[in-house]
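>>> turn this into a structure:
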Amino acid sequence: HAVEAPLILVREEREPRMRAAHGFTLPELIAAVAIVAILSSTAVPSFSGLLARHAVTTDANHLLALVLLARSEAIRRNAPVALCRSNDGARCLPRGDDRWNDGVLVFADDGRDPDAPGGTDPLLRGNGFVDPGESIVRSEAPLTVRSRIAGGPVSGVLRFEGDGHPFGVANTTFALTPGVGGASTTRKLVIGATGRPRVVVP
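Residues are numbered from 1 along each chain as shown. Model prediction:
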């Protein structure tokens, strides 16, 4: 018998096909850039407005906390405690200066004077100035960085009596607005005739 030769299969090598390159055409690229530009111009103002609203709300709550502190200290001491504009944490700014942003000073306006009979001078009690014998409760300077604060008492001093009522004013309002951008975003701090403060959105 003849021996059959083994069958050998030979795989045909095929040349690899060249894959088509995928990319952007010039019109597609221009359209994509235009869409990104439109989305960016919309997102940036929205983000700025969000930051402005957050800053105003934070600063309004900060001022609210200081007013509440002044009122509670007046009740605790059963004596006048005042809140005034101050940029050095030691004395009140002159009347008519509306720079509430520069800082706020809370002090006991109780007229204490070690040299006066009984340790108190009635002429200094509730005069709206930090006298040598009076104690400073809290000072914040600057009060705000991004917001503007306007309004408040014409005298520049908000004073609470020992029963928690504000002196000389029936209603007092502070208006807070963004320093830059978002001018429509406003918060108001209102102190009613009873002395209770609250933050409102106009």
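>>> pLDDT weak spots in the chain?
For the chain, the stretches flagged by pLDDT under 70 are 1-24, 26, 28, 34, 36-49, 97, 114, 180-185.
>>> that one: helices as residue ranges?
Counting by DSSP state H, the chain has helices at residues 26-77.
>>> just the strands in it please.
Assigned by DSSP state E, the chain shows strands spanning 81-85, 104-108, 136-140, 147-151, 157-160, 172-178, 187-191, 197-200.
>>> now those as CSV including mean neighbour count?
To be clear about C-beta, it is placed using only N, CA and C from the backbone, and glycine gets the same treatment. Below are the strands of the chain laid out as CSV (neighbours: other Cβ atoms under 10 Å):
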stretch, mean neighbour count
strand 81-85, 27
strand 104-108, 25
strand 136-140, 16
strand 147-151, 18
strand 157-160, 24
strand 172-178, 20
strand 187-191, 20
strand 197-200, 14
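>>> need these in TSV with distance to residue 67, can you?
Formatted as TSV, these follow (distance: least, Cβ to Cβ, whole Å):
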stretch	distance to residue 67
strand 81-85	6
strand 104-108	9
strand 136-140	11
strand 147-151	12
strand 157-160	7
strand 172-178	9
strand 187-191	6
strand 197-200	5
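>>> out of those strands, which is closest to residue 91?
Set against residue 91 and scored by Cβ to Cβ, these come closest in strand 104-108, at 7.6 Å.
>>> which other helices and strands contact that closest one?
helix 26-77, strand 81-85, strand 136-140 (3 or more Cβ pairs under 8 Å, 6 or more residues apart in numbering; DSSP states H and E).
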